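Enquirer: mind folding the following:
(one chain, ligands or ions: 1)
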Amino acid sequence: MTGIQVHPHDIVDEGMSQIIAYIRKLKDIRYVFPEVNTIFERNPNPVGKLPRNPVHEVVHGTGTMHAVLPAYGGSGLDQRREPSVTPDHDPLMMIKHAMQDEEFEVIPWLNILNGHFEGVALENNLVTDVYGNFIDHWLCPNAPDVIDFWEKTFVGLYERYGFTTYMIDRIRFPDWGGQEVNPKGLLTCFCPHCQQKMAEENLDINEVKKALETWAAQLMDKKFEIAVGFAAGNEHIQAWMKFRQRSVTGFVERLIQRVRKVNDSFNIWLDLWPPAYGWMLGQDYASLTKLSPALKHFPYHKLGGGADVQGLIHYLADTLEEQERAFQAFKLFFCLPYELTYEAFKKDGFPIQFVADQNNTVREKSAPGTRIFSGIQMWNISPGNLIEAVQAGESSAADDLLYYCYGWAGDELFEAIQSYREKGTNSSWKE
Ligand SMILES: [Zn+2]
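Expert: This next block holds a predicted model:
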């Protein structure tokens, strides 16, 4: 049983009857994941047009909340409401009503730490890099008002819409990608709350900062191989990575405790980065999966596992020779054992083996019984490559697939899966 993600503009622009007709083509969709609050992302990403949207060719997400909720700004922190959403024009209510008598289950998808947040307490809750700069639009998991805001939001969503199971995404520190490449987002968080917590946990903050500055300087001097060895062998950097992981797991644990106190039927599923990268962003599969029954991750092999690999390489390296060295160092750092050149990667991404490798690693690292959804890239890919990814996901240790995403996927991709499912049924009859 598979899932598919939809955006709020899909629901309001295309209408649910068209969406339902299309997802039926995929044959075995059980879960539909409507995004409730957007991120700063071009739809579709990074180029192209929305193939079926009759109102917009392109939609730019602005990090707003597309649900009808009370205003929480009085307590210091809130997320900007999407101005076009009103009680009578409410995408989450539209999908809830449309799905009530259908075979699909709706699981709202929330972006937790990244978005257009506002309020008088905003600065006190933002992620801060090692140089003391705020990282715009990113909340710190250790900051004081973030949990309060999300507890109120979950309870508010439950009260208006009645959903008790949610997928939570962006539960991590910033990566280097986004509207522009900024690797300083990795050198976080040094907000006062994190520094206090580091001190309590006996991290030597000055040594951590010094080590990170040395590491950054090595990368900027294009000493990529040295930088990989330095980070792997430096006790302060390693302790800081573990601190980030404890910070994210602790946040998720407290969030689940808070909402369950209000209503013990709340169920939180996790959207994580593939394990090749997740550890670097504060995501520890072993401890997170003790808190949640299900997770999705996105081993999109064509896109380098969803990371903006090319953006980072081009930020760090200028000449072809430097780019090749940077790419080889990148693979070493993230333990990606694929023998390929940067030229080959730019053309075809990672080999298809990446999908099964990452799913198998998720299975190894996760608590026994965790339900694993393998994200399937359903845009900017040929029908043949899509089916190849579906087969790789199905033959791996993942339990289910989750297509990303409805609104970006051309008709030919729906038809490819439809025909694969129908032929698959036929061929199994013959055997
Ligand atoms: Zn912080």
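
Enquirer: hey, C-alpha coordinates of the lowest-mean-pLDDT helix or strand in the chain in CSV?
Expert: One helix or strand of the chain scores below all others by mean pLDDT, DSSP states H and E: helix 411-430, with a mean of 77. Output of helix 411-430 as CSV, limited to C-alpha atoms (Å, rounded to 0.1, in the frame of the first residue of the first chain):
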residue,chain,number,x,y,z
ASP,A,411,0.4,12.3,-17.0
GLU,A,412,3.0,9.9,-18.6
LEU,A,413,4.3,9.0,-15.2
PHE,A,414,0.8,8.1,-13.9
GLU,A,415,0.3,6.1,-17.0
ALA,A,416,3.6,4.3,-16.6
ILE,A,417,2.7,3.1,-13.1
GLN,A,418,-0.8,2.2,-14.1
SER,A,419,0.5,0.0,-16.9
TYR,A,420,3.2,-1.4,-14.7
ARG,A,421,0.7,-2.4,-12.0
GLU,A,422,-1.8,-3.9,-14.6
LYS,A,423,0.9,-5.8,-16.5
GLY,A,424,2.5,-6.9,-13.2
THR,A,425,-0.9,-8.5,-12.2
ASN,A,426,-1.1,-10.2,-15.6
SER,A,427,2.4,-11.6,-15.5
SER,A,428,2.0,-13.0,-12.0
TRP,A,429,-1.2,-14.8,-13.3
LYS,A,430,0.9,-16.4,-16.0
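
Enquirer: what residues does the protein put near the ion?
Expert: Within the chain, the residues that sit near the ion (CB under 5 Å from the ion) are Cys140, Asn142, Cys189, Cys191, Cys194. The way it works is simple: take the backbone N, C-alpha and C, and place the C-beta from them, glycine included.

Enquirer: so where does the closest residue to the second one other than its chain neighbours fall, helix or strand?
Expert: The reference is to Asn142. Nearest residue to Asn142, sequence neighbours excluded (CB to CB, 6 or more residues apart in numbering): His193, at 4.5 Å. Element membership for His193, per DSSP states H and E: helix 192-200.

Enquirer: what helices or strands is that helix leaning on?
Expert: Packing partners of helix 192-200 (3 or more CB pairs under 8 Å, 6 or more residues apart in numbering; DSSP states H and E): helix 205-220, helix 235-262.

Enquirer: is it possible to get CSV of those helices that adds mean pLDDT and mean neighbour count?
Expert: Listed next are the helices and strands packed on helix 192-200 as CSV, based on pLDDT from 0 to 100; neighbours: other CB atoms under 10 Å:
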stretch, mean pLDDT, mean neighbour count
helix 205-220, 97, 17
helix 235-262, 97, 18
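
Enquirer: same list (the ones you listed) but as JSON lines, adding distance to Met198.
Expert: Output for these, formatted as JSON lines (distance: least, CB to CB, whole Å):
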{"stretch": "helix 205-220", "distance to Met198": "5"}
{"stretch": "helix 235-262", "distance to Met198": "6"}
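
Enquirer: other SSEs contacting the least confident helix or strand of the chain?
Expert: With contacts defined as 3+ CB pairs under 8 Å, 6+ apart, helix 411-430 has these neighbours: helix 16-25, helix 383-394.

Enquirer: for the helix or strand hosting Thr128, packing partners?
Expert: Per DSSP H and E, Thr128 falls inside strand 126-128. Packed against strand 126-128 by the contact rule (3+ CB pairs under 8 Å, 6+ apart) you find strand 134-139.

Enquirer: can you give me the buried ones in the strand it packs on?
Expert: Within strand 134-139, the residues that qualify as buried are Ile135, Asp136, His137, Trp138, Leu139, counting by 16 or more other CB atoms under 10 Å.

Enquirer: next one: stretch 326-335
Expert: Neighbour count says stretch 326-335 has Ala326, Phe327, Gln328, Ala329, Phe330, Lys331, Phe333, Phe334 buried, by 16+ other CB under 10 Å.

Enquirer: filter the residues you listed down to just the ones in helices.
Expert: Using DSSP state H, the subset of the buried residues of stretch 326-335 located in helices is Ala326, Phe327, Gln328, Ala329, Phe330, Lys331, Phe333.

Enquirer: related to what we said a few turns ago, from the chain's centre, how far out does the least confident helix or strand of the chain sit?
Expert: Averaged C-alpha coordinates place helix 411-430 at 29 Å from its chain's average position (CA atoms, centre = their mean, to the nearest Å).

Enquirer: residues in contact with that helix?
Expert: Helix 411-430 has contacts (CB atoms under 8 Å, 6 or more residues apart in numbering) with 22, 25-28, 51-52, 378-379, 381, 383-384, 386-387, 390.

Enquirer: could you redo the last one with a cut-off of 10 Å?
Expert: With contact meaning CB atoms under 10 Å, 6 or more residues apart in numbering, helix 411-430 is reached by 2, 21-29, 51-52, 376-387, 390-391, 394, 401, 403, 406, 409-410.

Enquirer: related to what we said a few turns ago, neighbouring strands - and their directions - for the strand holding Thr128?
Expert: Strand pairing for strand 126-128, determined by DSSP bridges: strand 134-139 (antiparallel).

Enquirer: how about the helices and strands packed on helix 411-430, which one is nearest Thr38?
Expert: helix 16-25 (17.3 Å; CB to CB).

Enquirer: after that closest one, which helix or strand is next?
Expert: The helix or strand immediately downstream of helix 16-25 is strand 29-34, counting by DSSP H and E.

Enquirer: got the buried residues for that next one?
Expert: Neighbour-count burial for strand 29-34 flags Ile29, Tyr31, Val32, Phe33, Pro34 (criterion: 16+ other CB under 10 Å).

Enquirer: determine how far the helix holding His193 lies from the middle of the whole chain.
Expert: Mean-position distance between helix 192-200 and its chain equals 26 Å (CA atoms, centre = their mean).

Enquirer: for that helix, give the mean pLDDT please.
Expert: Averaging pLDDT along helix 192-200 gives 98.

Enquirer: returning to that earlier point: quick one: which of the residues of the chain next to the ion has the most company?
Expert: Cys189 (28 neighbours; other CB atoms under 10 Å).

Enquirer: do you know which of the helices and strands packed on helix 192-200 lies nearest Ala276?
Expert: That would be helix 235-262 among these, by CB to CB, at 14.4 Å.

Enquirer: okay, the angle between the closest one and helix 192-200?
Expert: Here the directions of helix 235-262 and helix 192-200 differ by 110 degrees (axes from the mean of the first three to the mean of the last three CA atoms, to 10 degrees).

Enquirer: so how far is Gly393 from Gln377?
Expert: As judged by CB to CB, to the nearest Å, Gln377 and Gly393 stand 10 Å apart.

Enquirer: how about Cys189?
Expert: For Cys189 relative to Gly393 (CB to CB), the value is 33 Å.
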